[in-house]
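In: Here is the input, now give the coordinates:
(4 chains)
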Protein chains: 2
Amino acid sequence: MFYFCADFFFLCMNLQISIQPNLKLALRDPEASTLGRKIIREGIVLMCNLGYEQFTFKKLAESIDSTEASIYRYFENKHRLLLYFLTWYWNYVEYQCTVSLHNLNDPEIKIRKIIEILTGGLPNWADTTGIDKSALQAIVIAESSKAYLTKEVDAINSQQLFKPYKDLCHHIATVFAEYNPAYPYPHSLASTLMEAAQFQPYFMEHLPALTDFKGEQRNKAAVAGYLENLVFAALRK
Amino acid sequence: MFYFCADFFFLCMNLQISIQPNLKLALRDPEASTLGRKIIREGIVLMCNLGYEQFTFKKLAESIDSTEASIYRYFENKHRLLLYFLTWYWNYVEYQCTVSLHNLNDPEIKIRKIIEILTGGLPNWADTTGIDKSALQAIVIAESSKAYLTKEVDAINSQQLFKPYKDLCHHIATVFAEYNPAYPYPHSLASTLMEAAQFQPYFMEHLPALTDFKGEQRNKAAVAGYLENLVFAALRK
DNA sequence: CAATAATGAAAGTAATACTATAATAACATA
DNA sequence: TATGTTATTATAGTATTACTTTCATTATTG
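Out: Numbering: from 1, shown residues only, chains lettered A, B, ... in the order given. The predicted model follows:
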């Protein structure tokens, strides 16, 4: 019990660093000032409500009683702000995985846990950040493809800005390899899982014909069931 | 042989209707005029080259020696034009599936054929349309999420504009059910397959850490191999 | 307290996403 | 062939977006 607590404490200490997004994303660290924190917190809520296309720095400035120019001193453009949000999220998920898996040995149980986390089935832990996690998750579901489906993808990638996403993918792939070392596509399966964990809930809500989650079954657990079935089938020895 | 030819002829006759996109997508039928056809053909090439964000009606007008206003008489906005392109593509894939599967009985072979078509492994058939298929496929890979990841998704869906995509998904799900009637997630597996058939080649090219297709292996066949492995594992009785 | 940095206020630019209008060209029908 | 209809061009204009610039005013830090 002591060790568990010590570990947990250690992991929490790392959270500050771990969730700190890449500074190349921002022109100055938004967590270091009141205005910066308001940009992030209110930005998440506003982008969630308006969607990426309708979201503008001008509207955000109005809603936090500041100015466009001030926001531009933190972020080059809204695409960078989106990347910042996504980086925050994937770092958070990576952290959740690290904490949840660190004292597990059975890779099967680890995989179930990962799917639970990816589908948003775990409650928020001690949260003093003031970040609206469900708004953030809605952004991840609806907007994250827009982070890399752009002509700038290679330039952004060469600045390591997709690192948290790629690291989490590799982390998951490693657990897959632990479960079945002979499986030839652990990274592709991990990225397919991560994508499906976003698209299937979106389809469930907006394009249910693309899913099998009908009526009252429309919940996160149903998606998790599908994903578990898929992943364990693929990895079966 | 006679029957095959007759069927093929019959199917080709249907192609005109089948590939005709929903007229609600356009303000007037672009295939009915020289200008309209230039908007589609040159639009596909230009959007492929510039990407959806950088593509504008003004640039397209310049490249076809016409005006912005003229293009607006065909399409309300560029999102509708994108939907038109995607509709064309999914109708074409549906058509390819219909032709390729119509004289097959074994669902296993059907599924392999579907995956081959989805990953772009089949050559173009008799093509008098003048549509640049590889540019169109590049648009589908890089931009199709942007068709439905928008706040307008429900409005667009209620106008049936995603019907070709949903129909193809249902078609594939039906073949899955034929292969294994007990599998509980045929539609989700079909949509996951359709999405992965776009994302995995994109990742292979731009974010290879998210895949297992390294070095000289970077080809369509490798992606098809992964997808076959995944689908047959999921459907295994 | 002085120096430095962050923010606010205001204005300005270039491009985007349209809309409107009048003139011309094409086309269809009688 | 004349006439009416529709399609296209040319031109201009508006509102919004995505920024940039400048300068005054607050905070912050040493």
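In: need the residues of chain A near DNA strand D, please.
Out: A:34, A:54, A:56-58, A:68-69, A:72, A:76-79 (C-beta under 7 Å from any atom of the strand). All C-beta atoms are positioned from the backbone trio N, CA, C, and that covers glycine.
In: Just the buried ones from those residues?
Out: By neighbour count, with 16 or more other C-beta atoms under 10 Å in any protein chain shown, those hold A:57, A:78-79 as buried.
In: Out of those, which is nearest to DNA strand C?
Out: Proximity of these to DNA strand C (C-beta to the nearest atom of the strand) peaks at residue A:57, which lies at 10.8 Å.
In: check contacts around the closest one.
Out: Applying C-beta atoms under 8 Å, 6 or more residues apart in numbering or on different chains, we find residue A:57 in contact with A:68, A:71-72, A:75, A:78.
In: Roughly how far does the nearest residue to residue A:178 once chain neighbours are set aside sit from DNA strand C?
Out: Distance criterion C-beta to C-beta, 6 or more residues apart in numbering or on different chains; nearest residue to residue A:178, sequence neighbours excluded, is residue A:107 at 4.3 Å. Distance of residue A:107 to DNA strand C, given as C-beta to the nearest atom of the strand, to the nearest Å: 46 Å.
In: I'd guessed residue A:107 sits against residue A:183; true?
Out: No. If you go by C-beta atoms under 8 Å, residue A:107 and residue A:183 don't touch, sitting 11.5 Å apart.
In: got the buried residues for stretch A:205-224?
Out: Buried residues in stretch A:205-224, counted by 16+ other C-beta under 10 Å: A:206-213, A:220, A:222-224.
In: of these, closest to residue B:115?
Out: Checking the buried residues of stretch A:205-224 against residue B:115 with C-beta to C-beta, the nearest one is residue A:210 at 17.7 Å.
In: can you give me the helices for chain A?
Out: For chain A, the helices defined by DSSP state H occupy A:2-19, A:34-54, A:57-63, A:68-72, A:78-101, A:107-118, A:133-143, A:145-148, A:153-158, A:163-179, A:186-206, A:220-235.
In: Lowest average confidence across these, which one?
Out: Ranked by mean pLDDT, the helices of chain A end with helix A:2-19 at the bottom, a mean of 44.
In: Are stretch A:222-230 and chain B in contact anywhere?
Out: Yes. Contact of stretch A:222-230 with chain B (C-beta under 8 Å from any C-beta of the partner chain) involves A:226, A:229-230.
In: Can you redo those as CSV, where the extra columns are distance to residue B:30?
Out: Below are these laid out as CSV (distance: C-beta to C-beta, whole Å):
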residue, distance to residue B:30
A:226, 39
A:229, 43
A:230, 40
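In: so how far is residue A:237 from the closest residue to residue A:101 other than its chain neighbours?
Out: Spatial nearest neighbour of residue A:101, excluding adjacent residues (C-beta to C-beta, 6+ apart): residue A:110 at 5.0 Å. Applying C-beta to C-beta, to the nearest Å, the value for residue A:110 to residue A:237 is 16 Å.
In: Compare the two and say which one has the larger neighbour count.
Out: The residue with more neighbours, out of residue A:110 and residue A:237, is residue A:110; 20 against 7, by other C-beta atoms under 10 Å in any protein chain shown.
In: doesn't residue A:175 make contact with the more buried one?
Out: Yes. Judged on C-beta under 8 Å, residue A:110 makes contact with residue A:175 at a distance of 5.0 Å.
In: Need the overlap of contacts for those two.
Out: Residues touching both residue A:110 and residue A:175 by C-beta under 8 Å, 6+ apart: residue A:101.
In: Distance-wise, check residue A:59 relative to residue A:66.
Out: For residue A:59, the distance to residue A:66 (C-beta to C-beta) stands at 12 Å.
In: quick check, nearest of the contacts of residue A:57 to chain B?
Out: Closest approach between those and chain B, by C-beta to the nearest C-beta: residue A:78, at 11.7 Å.
In: Ends of stretch A:29-36, what's the gap?
Out: 7 Å (C-alpha to C-alpha, to the nearest Å).
In: Identify the residues contacting the nearest residue to residue A:100 once chain neighbours are set aside.
Out: Nearest residue to residue A:100, sequence neighbours excluded (C-beta to C-beta, 6+ apart): residue A:113, at 5.0 Å. Each residue near residue A:113 by C-beta under 8 Å, 6+ apart is listed here: A:97, A:100-101, A:104.
In: how close does residue A:113 get to chain B?
Out: Distance, residue A:113 to chain B, by C-beta to the nearest C-beta, to the nearest Å: 21 Å.
In: For residue A:45, see how far away that residue is.
Out: From residue A:113 to residue A:45 the distance is 29 Å (C-beta to C-beta).
In: And residue A:203, by the same measure?
Out: Counting by C-beta to C-beta, the gap from residue A:203 to residue A:45 is 24 Å.
In: before we move on, the earlier item: between the buried residues of stretch A:205-224, which sits nearest DNA strand C?
Out: The shortest approach to DNA strand C among the buried residues of stretch A:205-224 belongs to residue A:206, at 21.3 Å (C-beta to the nearest atom of the strand).
In: That closest one is in contact with residue B:156, isn't it?
Out: No. Counting by C-beta under 8 Å, residue A:206 stays clear of residue B:156, with 9.6 Å between them.
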